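Enquirer: from the sequence below, what's the structure:
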Amino acid sequence: MMDDTKFPTPGIYEFPMDSAGQKSFEDLKGKVLSIAKDPDGCQLLRQKLLEGRLEDTQIIFSELKDGICALMMDPFGGVVTGKLFEVCDEEQMNELVSSITSDVRLLMSLCLHSQGPQYLRIFLECLRTPEQISHVISVLTVPLARDEIGSRVISHCFDIFPAKESMPIHYAITNHFLEIAFNEIGSCLLQGLISGSVESLDPRTIISTTLFSGYRLSTQKFGSRVLLHVIGLEIQHMLFYLVDNVLKGAFADLSIDEYGSIVVKKLMGACRGKYAPRIINEIILSPKFLYILVDPCGYSVLEYAKDCCKVSSKDVEVYANMGK
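Expert: From the prediction side, this is the model:
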């Protein structure tokens with residue numbers, strides 16, 4: 001919630017006076033949006049919202065709702081929107097949800113704006129129903145997951161919403177998994193979720209999706225980082241699934257790929273003596289073995305196999321001669 005003691009420095013906006021010499025709010029109808037962007041005007045509107053008169057609140061709401069996204073990016077208008085969110089009833093919040101999510105491009109501009117996330121967090125905290133929460137975060141999750149500031153908004157959603165109500169975020173992430181994983185920021189977000197950084201989120205579904213997508217992740221710069229993170233957990237049944245199912249038949253190709261070779265080495269190191277021989281046998285018995293031998297990435301995999309898995313240089317030479 002907003003701190004009522006903090007607001008911008010007063011400006012020089014002149015308001016009409018009534019017969020008693022008081023600032024007249026009725027005479028400001030039709031001007032509320034422009035007043036909200038004035039340093040003195042935003043204070044007047046905050047005060048009116050704090051006073052709690054339904055008529056004043058409705059006037060402010062009706063004139064600001066359609067331009068609410070742009071107003072949240074204004075240094076003075078944002079102050080008004082933050083207080084407006086706090087006093088809106090359920091029906092008004094429904095209208096604001098519709099307004100804020102109606103233009104995804106403008107919403108993304110808001111999320112990536114320097115002060116946008118501050119007021120967006122207040123908006124999220126003021127959502128009244130599971131339906132409102134579900135609608136907003138289903139629109140926000142995928143684009144926000146690919147931006148550093150936006151990913152913080154997602155993390156904030158996990159913090160403020162109960163596990164059940166934050167499930168749409170989980171569903172959106174798994175449904176658009178590769179799109180998020182192939183992005184640098186999205187990759188970092190997924191690694192955090194896999195590590196259990198969100199207490200209310202069971203990471204098993206994301207881990208399962210990572211394993212299932214193992215081959216496509218292996219050859220991507222940022223996607224491979226997600227897979228490497230799962231391999232680093234060294235959970236044996238997951239390693240077996242990767243070796244015996246997902247990546248089976250692909251280790252030769254992965255060995256000569258810039259990112260795939262890193263995955264192969266990481267997997268051999270995590271498996272050690274248990275499943276690593278399967279990987280090594282597949283590589284050295286491959287028709288591509290000679291090419292692997294002279295490829296920089298492939299050669300690094302073979303060198304790692306010798307150091308990590310006790311494959312001798314003589315064995316490598318024997319298989320190289322067999323392939324000639």
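
Enquirer: show residues contacting stretch 229-240.
Expert: 190-191, 194-195, 207, 210-211, 242, 263, 266-267, 270-271, 274-275 (Cβ atoms under 8 Å, 6 or more residues apart in numbering). Quick note: C-beta positions are derived from backbone N, CA and C, even for glycine.

Enquirer: now it: buried residues?
Expert: Residues 229, 230, 231, 238, 239 are the ones in stretch 229-240 that count as buried (16 or more other Cβ atoms under 10 Å).

Enquirer: let me know the pLDDT of the residue most central in space within the chain.
Expert: Centroid-nearest residue in the chain, with Cα atoms, centre = their mean: residue 145, separated by 2.2 Å. Note on residue 145: pLDDT of 83.

Enquirer: swap in residue 4?
Expert: Residue 4 carries a pLDDT value of 47.

Enquirer: one more: residue 41?
Expert: For residue 41, the pLDDT comes out at 88.

Enquirer: these two touch, right, it and residue 79?
Expert: No. Contact criterion Cβ atoms under 8 Å: residue 41 and residue 79 do not qualify, at 10.3 Å.

Enquirer: mind giving me the domain split of this structure?
Expert: Following automatic domain parsing, the chain resolves into domains at 1-126, 129-233, 248-324.

Enquirer: what's the offset of the longest one from the middle of its chain?
Expert: Computed by Cα atoms, centre = their mean, to the nearest Å, the separation of domain 1-126 from the middle of its chain amounts to 28 Å.

Enquirer: repeat for stretch 122-141
Expert: With Cα atoms, centre = their mean, you get 15 Å for stretch 122-141.

Enquirer: endpoints of it, how far apart?
Expert: The first and final residues of stretch 122-141 sit 17 Å from each other (Cα to Cα, to the nearest Å).

Enquirer: can you list the buried residues in that stretch?
Expert: Going by neighbour count (16+ other Cβ under 10 Å), the buried part of stretch 122-141 is 122-127, 132-137, 139-141.

Enquirer: that older thread, reformat the buried residues of stretch 229-240 into CSV and put distance to residue 74 and secondary structure next to each item.
Expert: Below are the buried residues of stretch 229-240 laid out as CSV (distance: Cβ to Cβ, whole Å; DSSP: H, G, I helix; E, B strand; the rest coil):
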residue, distance to residue 74, secondary structure
229, 40, helix
230, 43, helix
231, 47, helix
238, 49, helix
239, 53, helix
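
Enquirer: return the closest of these with respect to residue 304.
Expert: Ranked by distance to residue 304 (Cβ to Cβ), the buried residues of stretch 229-240 are led by residue 231 at 14.0 Å.
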